[in-house]
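Peer 1: from the sequence below, what's the structure:
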Amino acid sequence: MPLHHSIAALPLLLAIVGSVASFSPSHPALLHQRSVGNNNNNDSSNHNSSMGPRRRSNHNGVIALHSSTMEQQATFTSTSSITKPNSSPNPWEVHKFGGASLANASLYQTVGDLLLRESAGRSSSGPIPTMAIVSARGGMTDLLVDVVSSALDDISQAESRLQSALEGQLTILRELVAADTDDDTSTIADEIEANMRKDAADILSVVQSLRMIRSVPPSVMEVVTGFGEIWSAQTLYAYLKSRGVTVAWLDARDVLIVKSEGANAGLGEKGSSSSTGGVTPVWDETMRRLEVWWDEVGRREGVHWDDDDDESATHSDTAPIVIATGFVATSSEGVPTTLKRSGSDYSATIFAKLTQSSRVTMWKNTDGVYTADPRRVPEAFSIASLKYDEAMELAYFGAQVLHPSAMVPCIDSNIPVYVRNIFNPEFAGTVIQGRCASLTDVNKDGKVVNWRSKKGVIPIKGITSVDRVSLLTLEGASVIGGAEVAERFMGSMADAGIDVLMVTQASSESSITVVVPENQGKRALDALRNTFELELSRSNVNAISLTDIPMAIIAIVGEGMAMNSGVSASFMSSLAKANVNIRVIAQGSSERQVAVVVEAKDVSRALRSAHMAFTLSSTMVSVAVLGGTGKLGTALIRQLNKQKENLAKNLKIGVCVNAIASSTKMRLGENGACLATSNPDELLLGDAQDLDMDALTAALEADVNPHRVIIDCTNCDDVANYYEKWMSSE
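Peer 2: Predicted coordinates:
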């Protein structure tokens with residue numbers, strides 16, 4: 001790249017890094033929305049001017065509202081507030097769609113069609129004002145992260161990856177807005193494609209400039225990755241426009257103003273749901289800007305009209321639909337930023353509070369929030385309802401439900417949050433609303449009851465886990481004094497920026513163990529050794545250690561645990577029966593959760609056993625039948641099938657035949673799944689494996705179900721030789 005191009009892009013880069021409110025006029029596209037709509041192209045006031053609000057326009061009607069426009073129009077008095085859109089009898093409803101729901105053109109179409117059905121209203125309620133918060137298409141954020149990361153070493157590779165990301169989005173756009181549509185629709189698609197290509201050029205200019213400073217500032221990473229949401233929102237907008245729908249799209253950077261405790265926190269850890277990096281909305285300023293957007297862009301796009309408008313009667317059967325970007329925002333200093341990884345949930349609840357919505361629906365690919373991870377616990381099922389506090393506890397301890405911070409705006413306004421399946425929209429899913437009773441209120445009764453005495457009442461709502469954690473332990477510090485040890489220990493963790501997930505302390509106050517993310521373990525160990533360097537040299541502290549084997553947290557969560565005895569006993573007993581060793585135990589002060597740390601290899605077995613212990617499912621017994629096609633084996637399987645319902649109803653035992661073998665063939669259930677045993681002979685035809693006793697043994701040992709039975713219906717010494725090995729396996 002010629003040097004003068006890099007120098008030309010440098011002011012923009014420095015503006016982003018320096019967190020200033022004004023940006024290079026040559027690159028306004030990086031900062032402000034380009035919207036597509038029906039504009040008066042002959043209005044000369046729409047052109048750039050050195051005086052007054054700046055607005056960039058072209059003859060195709062593409063407009064970018066600058067922040068200065070928003071500031072100068074902030075005092076405009078709306079004739080119709082966005083909180084009561086167009087005098088609608090129904091309040092707003094907000095829908096959030098993640099990247100997995102927007103992975104290809106077919107899914108964008110599914111999302112668009114679902115929005116139309118939802119906005120049409122339920123029964124006779126009439127049309128519902130609808131706002132959709134969209135994430136980047138599946139995998140886009142990672143692609144843009146790679147663009148930035150690779151720019152330091154190989155700018156041509158960064159350019160190639162950027163082109164790949166762009167073309168992937170444009171392919172979806174072209175597929176949704178087919179070439180044979182009318183001229184107006186084709187023009188919209190062309191304008192959006194031009195927007196995206198201009199965005200990509202701006203991104204390339206920024207990442208090329210990184211070579212001059214030889215580092216990647218967190219703010220630059222946030223600016224670039226935010227374009228995934230910008231492109232995604234425009235793509236869904238284009239599809240709905242092509243269907244003749246009156247719709248507008250909102251770039252959240254134009255209205256959502258936030259402040260952050262960690263200005264240089266960056267995107268946060270991928271997959272993390274524990275924090276938004278201290279990002280909180282500046283509510284008053286954001287609301288003012290949203291009202292201005294509603295009066296400016298909303299009116300221009302046709303989603304905002306007044307009762308006395310000439311065409312108001314034509315809107316009686318419709319409601320406004322707005323497509324808004326998730327994840328992205330603008331800092332109080334005027335710099336584009338993000339709500340961190342998984343922050344689109346937060347975007348949805350923020351806009352729900354701003355618009356005084358009646359509900360928020362988080363669309364996932366599962367039937368709501370499950371009692372456990374169904375990939376690890378096949379018996380898990382959807383939870384009908386949760387309290388806000390329970391949902392936050394589940395999310396904190398690893399459940400891929402909601403970003404914990406996303407609950408806060410809804411708690412403030414008591415807005416129900418629904419978690420539903422985009423592929424099964426008829427299913428009610430899970431509703432999250434209301435607060436758990438405080439300990440003061442719970443303790444007023446003062447009566448403790450064993451939870452098993454409450455027939456049909458389960459004290460917990462779910463079981464979840466956090467993988468890849470480490471234990472950091474300080475031992476033998478009694479000489480120093482407990483209070484000082486705890487203060488210095490936790491202070492060193494805070495100073496090093498370590499996320500402490502759990503804490504446990506010996507009664508002598510001489511030893512403390514904390515649970516930290518595995519990828520922060522080495523940094524935490526170094527910080528603690530530095531803090532107690534003098535004490536270690538004098539042997540006032542015996543040892544500071546970090547586990548070197550993979551560990552995981554398992555937690556049970558539920559409001560019903562308070563003032564109910566036997567809950568922890570049932571939990572611990574279930575782990576003992578599954579032969580799972582507990583390394584750390586902690587109970588939350590809220591009495592809504594109990595968490596333990598176990599070895600990572602035991603997690604699936606522990607989850608299934610605990611799930612069964614609370615009768616969240618029947619006790620499932622894995623059964624392997626050897627000689628299953630002989631007379632004895634066939635008769636046994638027939639009896640098991642006949643007694644399944646009786647065993648489940650009367651003994652709470654489920655039977656899962658997941659392995660069957662003859663003298664020459666065998667069939668194993670994939671990942672321990674149950675086999676259809678109505679006709680055992682057919683199971684051993686076709687692609688059935690040749691009998692391999694070692695492979696069969698490995699499959700039996702890999703079954704995470706702690707309850708396993710092997711029934712030998714053969715008369716074979718080779719099978720009998722494996723008895724000892726089977727009985728001695730864990």
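Peer 1: so what sits opposite residue 259 in the bridge?
Peer 2: residue 280 (DSSP bridges).
Peer 1: and it, how far is that from residue 633?
Peer 2: 69 Å (Cβ to Cβ, to the nearest Å). C-beta here means a position set from N, CA and C on the backbone, and glycine is covered the same way.
Peer 1: quick one, which of the two is more surrounded?
Peer 2: residue 633 (21 against 14; other Cβ atoms under 10 Å).
Peer 1: please name the nearest non-neighbouring residue to the more buried one.
Peer 2: residue 713 (3.9 Å; Cβ to Cβ, 6 or more residues apart in numbering).
Peer 1: check residue 506 too.
Peer 2: Here the residue nearest residue 506, using Cβ to Cβ, 6+ apart, is residue 512, at 7.5 Å.
Peer 1: again with residue 343
Peer 2: residue 327 (5.0 Å).
Peer 1: one more: residue 101?
Peer 2: residue 422 (5.1 Å).
Peer 1: ok so, going back, what is the neighbour count of the residue nearest to residue 633?
Peer 2: 20.
Peer 1: go ahead and confirm it touches residue 629.
Peer 2: No: taking contacts as Cβ atoms under 8 Å, residue 713 lies outside contact range of residue 629: 9.3 Å.
Peer 1: residue 167: neighbour count?
Peer 2: Per other Cβ under 10 Å, the neighbour tally for residue 167 reads 12.
Peer 1: and it, helix, strand or coil?
Peer 2: At residue 167 the chain is in helix, as set by DSSP: H, G, I helix; E, B strand; the rest coil.
Peer 1: and it, how far is that from residue 729?
Peer 2: Going from residue 167 to residue 729 by Cβ to Cβ gives 52 Å.
Peer 1: ok, now residue 100?
Peer 2: Distance, residue 100 to residue 729, by Cβ to Cβ: 37 Å.
Peer 1: got it, and residue 427?
Peer 2: Going from residue 427 to residue 729 by Cβ to Cβ gives 40 Å.
Peer 1: shaky segments in the stretch 501-650 of the chain?
Peer 2: By pLDDT under 70, the low-scoring segments of the stretch 501-650 of the chain are 507-509, 615-618.
Peer 1: measure stretch 322-341 end to end?
Peer 2: Stretch 322-341 has an end-to-end distance of 23 Å (criterion: Cα to Cα, to the nearest Å).
Peer 1: got any ranges where the stretch 351-500 of the chain has weak pLDDT?
Peer 2: Using pLDDT under 70, the stretch 351-500 of the chain drops low at 401, 445-446, 478-482.
Peer 1: what sits opposite the residue nearest to residue 683 when sequence neighbours are not counted in the beta ladder?
Peer 2: Once flanking residues are discounted, residue 683 sits nearest to residue 667: 4.5 Å by Cβ to Cβ, 6+ apart. Judged by DSSP bridges, the bridge partners of residue 667 are residue 660.
Peer 1: residues touching residue 667, list them.
Peer 2: By Cβ atoms under 8 Å, 6 or more residues apart in numbering, residue 667 lies in contact with 659, 660, 661, 675, 683, 684, 688, 689.
Peer 1: which among the residues you listed count as buried?
Peer 2: 659, 660, 661, 675, 683, 684, 688 (16 or more other Cβ atoms under 10 Å).
Peer 1: quick one, helices of the stretch 601-730 of the chain?
Peer 2: Ranges of helices in the stretch 601-730 of the chain, per DSSP state H, counting those that start in this stretch, are 603-613, 631-650, 680-683, 693-702, 717-720, 723-728.
Peer 1: thanks a lot, catch you later.
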